[in-house]
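J.: could you work out the structure for the sequence below:
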Amino acid sequence: MRTRTVRRALAVAAGAACLLAASPATPAGSSAAPARDITRPRDATRPQSAAPAQNTARSTVPARSAAQDTGRAPDGARDQGAAVPARTPLGTYVNPVSRDFADTFADPSVIRGDDGWWYAYGTSDPLREGEGTRHLLPVSRSRDLVHWTHVGDAFTESTMPSWADVAGGASLWAPDVRKVGREYRLYYVVTQTTVTGEPNDNAIGMATAPTPAGPWTDSGAPVVGPRRGPGGAGDFKWTFDPALAVDTDGAQYLVYGSYYGGVFVTRLDAAGRRAAGEPTMIAIDNRFEGGYLVRHGGYWYLFASSADCCAGPATGYSVYAGRSRDITGPYLDRQGVPLNTSRAGGTIVIAPNGNRWVGTGHNAVLTDDTGQDWLLYHAIDRSDPYLDEPYGVNERPMLMDRLDWIDGWPTVRGGRWASEDPQPAPGRRDPRRRPAPDPVPGPVDRARSDEFDGTALRPGWSWIRSPQGALRDGELRWPTQAAELNRDDNTASVLLRDVPEGDWTAETKLTIDLGTDTVRNYQQAGLIAYAGDDLYAKLVHAAIWNTRQTEFGKEMPYAGRIAYGGTIVGPPAETTWLRLVHRVDPRDGEHELRAATSRDGREWVHGGVWTLPAGADVRVGLVSMGGAGATARFGYFRLHRR
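T.: Got it, this is the predicted structure:
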């Protein structure tokens with residue numbers, strides 16, 4: 001699917017709704033254009049029990065048994081524990097924590113009830129492989145945050161909110177549960193309503209209950225109603241992912257929104273049943289969703305997820321943060337870059353780290369009895385990405401990991417991110433709290449580098465397809481091609497060179513005239529680690545609707561199709577420095593590639609990890625593609641040993 005005009009529709013099958021890949025048609029040049037999964041089509045925004053097959057393909061990564069999992073961390077900063085034993089040691093846990101009651105439990109929310117139990121709530125899906133019947137906002141509970149039991153569903157097919165368009169295939173997504181006063185409040189997305197008589201008119205609902213297990217009674221009307229987009233009938237912005245926050249003065253606020261429209265915060269009335277006043281955009285459209293507010297150290301922190309939630313084994317969904325003294329923003333990242341601008345900021349809280357877990361996103365935050373914070377989130381096992389293989393519902397179990405605050409910024413496990421080996425359980429102190437070290441490149445391999453200061457490329461370069469660009473004034477100037485390297489569209493030229501055995505780092509300095517705010521889909525340029533037209537990882541500065549992002553994307557074969565997904569690194573600038581840090585996993589020979597970006601060539605943001613299979617013939621180089629109209633200027637290409 002490679003369209004300039006993208007559409008959004010609701011598919012209905014077996015009584016469940018799923019928002020499809022396409023987004024509402026938007027007039028050319030509009031900054032409110034629907035989101036696209038980074039530079040690739042969104043195959044499913046929220047896969048529910050009737051989700052259509054997604055365009056992803058069987059993993060080339062061999063599945064690992066639990067006994068083989070030791071837990072990977074960025075740049076080889078691995079956990080020091082042994083392999084996971086057959087029985088988890090006393091006082092520890094192993095992800096996913098939802099395994100006892102569910103194979104998938106996406107978009108988790110958590111609260112501690114007055115009865116001392118922890119309660120978790122998930123989006124509407126079947127819970128087990130082969131079940132085939134959705135649970136409408138399933139509820140589970142736990143005494144220790146490690147062992148969970150399903151205790152029921154917030155709604156049934158016969159008790160759906162009266163204003164949900166059941167005949168139109170309405171579903172309920174992304175719950176958020178809080179206690180205010182004597183009542184428990186449950187906020188959620190209703191995907192189709194009877195408010196407008198049109199399709200796609202999603203809205204936020206709210207129900208109350210005397211206990212966190214229910215029974216839940218819907219308030220009878222939307223808290224935030226359907227919001228029209230710039231198109232015609234059926235064009236509504238994505239009013240998704242509600243999360244309640246209470247300010248220091250007792251005022252209640254609701255965060256909501258997604259890629260199509262942006263993330264907003266609005267004040268609520270005292271009953272929490274209606275939005276009051278004008279909403280404020282706190283995170284830009286086409287970049288963020290899943291907003292969640294946490295008060296810490298005198299700041300409000302906005303946690304928000306980014307990239308496609310549901311691209312199977314190539315899912316790059318990740319969590320980012322910004323902070324503000326005021327609950328209504330503006331929210332800035334660690335580098336001082338706002339989250340509501342075209343070159344949006346966002347400090348990484350968790351991203352894929354090269355172990356079994358990808359798609360680490362849509363979080364909640366809790367605090368245990370010792371005062372330790374924890375991130376509850378969903379993720380995808382890259383060797384088992386679908387609920388009923390292959391394709392269909394992405395299997396997104398619930399995970400939990402320690403949330404650390406380092407120099408005033410949140411990060412999971414000191415920057416090691418998702419765990420797959422035994423971890424100290426909540427209520428027990430974990431001595432492993434040192435921040436994960438950032439990689440330091442070794443000396444430059446001059447024979448494999450090029451300063452682009454001659455009249456021709458240095459020896460060692462080779463082209464896939466026709467040569468492009470030219471050397472001029474100490475740069476490689478390469479106009480973006482009206483060509484792609486995307487699934488079946490493998491028409492772009494790629495400039496490559498061989499790499500040494502073992503560890504290395506590739507770096508380039510990229511200046512590209514993408515501007516800001518305007519729609520320049522999908523011009524991009526940057527680095528690529530290439531093992532074939534359908535097996536690569538690329539780090540590019542890309543124009544994605546009205547945003548500019550540093551996309552770290554991966555394409556791979558999976559089950560007879562081609563999967564593509566990506567994660568985002570640091571905010572780009574007109575000139576952006578890019579790095580791919582390569583290491584070989586000594587356990588299985590996989591190629592691990594970690595992305596890093598910089599706006600000044602000195603301060604680096606180190607992002608997620610993609611893997612390529614052991615034995616792949618990996619080369620590294622440059623790309624400039626995605627549509628004519630811009631020019632990439634590469635200041636150099638340097639290959640570092642290590």
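
J.: any idea how far residue 439 is from residue 520?
T.: Spatial separation of residue 520 from residue 439 under the definition Cβ to Cβ, to the nearest Å is 32 Å. Every residue, glycine included, has its C-beta placed from N, CA and C.

J.: the strands in the stretch 501-642 of the chain, which residues?
T.: Taking DSSP state E, counting those that start in this stretch, the strands of the stretch 501-642 of the chain run over residues 504-512, 524-530, 536-544, 547-558, 561-568, 575-584, 591-598, 604-612, 619-625, 631-641.

J.: looking at the ones you listed, which is nearest to residue 447?
T.: For those, proximity to residue 447 was assessed by Cβ to Cβ; strand 631-641 is nearest, at 8.5 Å.

J.: what sits against the residue nearest the centre of the chain?
T.: Computing the C-alpha centroid of the chain and ranking residues by Cα atoms, centre = their mean puts residue 317 first, at 1.8 Å. Residues near residue 317 by Cβ atoms under 8 Å, 6 or more residues apart in numbering: 305-310, 358-362, 567.

J.: considering those residues, which possesses the most neighbours?
T.: Highest neighbour count within those, by other Cβ atoms under 10 Å: residue 359, with 34 neighbours.

J.: can you get me a residue count around residue 391?
T.: Using other Cβ under 10 Å, the number of residues around residue 391 comes to 24.

J.: give me the phi and psi angles of it.
T.: phi 70, psi -170 (degrees, to the nearest 10).

J.: ok so, going back, and the contacts of residue 317, which is closest to residue 624?
T.: Looking at those and their distance to residue 624, the nearest is residue 567, at 21.1 Å (Cβ to Cβ).

J.: point out where the chain drops to low pLDDT.
T.: Per-residue confidence of the chain (counting by pLDDT under 70) places the weak regions at 1-87, 430-432.

J.: now with 50?
T.: Filtered on pLDDT under 50, the chain yields the residue ranges 1-71, 73, 75-85.

J.: and residue 313, helix, strand or coil?
T.: Per DSSP: H, G, I helix; E, B strand; the rest coil, the secondary structure class of residue 313 is helix.

J.: my guess is it contacts residue 564, does it?
T.: No - in terms of Cβ atoms under 8 Å, residue 313 does not count as a neighbour of residue 564; the distance is 10.4 Å.

J.: with only the CA atoms kept, save stretch 358-365 in PDB.
T.: Provided in PDB are the C-alpha atoms of stretch 358-365 (Å, rounded to 0.1, in the frame of the first residue of the first chain):
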ATOM      1  CA  VAL A 358       9.700  -5.300  20.800                       C
ATOM      2  CA  GLY A 359       6.800  -2.800  20.700                       C
ATOM      3  CA  THR A 360       7.400  -1.700  24.300                       C
ATOM      4  CA  GLY A 361       4.700   0.900  24.800                       C
ATOM      5  CA  HIS A 362       1.400   2.300  26.200                       C
ATOM      6  CA  ASN A 363       2.300   2.600  29.800                       C
ATOM      7  CA  ALA A 364       0.900   3.200  33.300                       C
ATOM      8  CA  VAL A 365       3.000   4.000  36.400                       C
END
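
J.: so what's residue 400 bridging to?
T.: Counting by DSSP bridges, residue 400 forms beta bridges with residue 376.

J.: hang on, the earlier thing: closest to residue 172 out of the strands of the stretch 501-642 of the chain?
T.: Evaluated with Cβ to Cβ, the strands of the stretch 501-642 of the chain place strand 561-568 nearest to residue 172, the distance being 25.7 Å.

J.: give me the distance between the closest one and the centre of its chain.
T.: The offset between the C-alpha centroid of strand 561-568 and the centroid of the whole chain comes to 11 Å, using Cα atoms, centre = their mean, to the nearest Å.

J.: go on, stretch 510-528?
T.: Mean C-alpha position of stretch 510-528 versus that of the full chain (Cα atoms, centre = their mean) differs by 21 Å.

J.: cool, stretch 133-144 as well?
T.: The gap between the average C-alpha position of stretch 133-144 and the chain average comes to 23 Å, counting by Cα atoms, centre = their mean.

J.: now do the buried residues in it.
T.: Judged by neighbour count using 16 or more other Cβ atoms under 10 Å, the buried positions of stretch 133-144 are 134-142.

J.: then stretch 149-158?
T.: Neighbour counts using 16+ other Cβ under 10 Å place 150-155 of stretch 149-158 among the buried residues.
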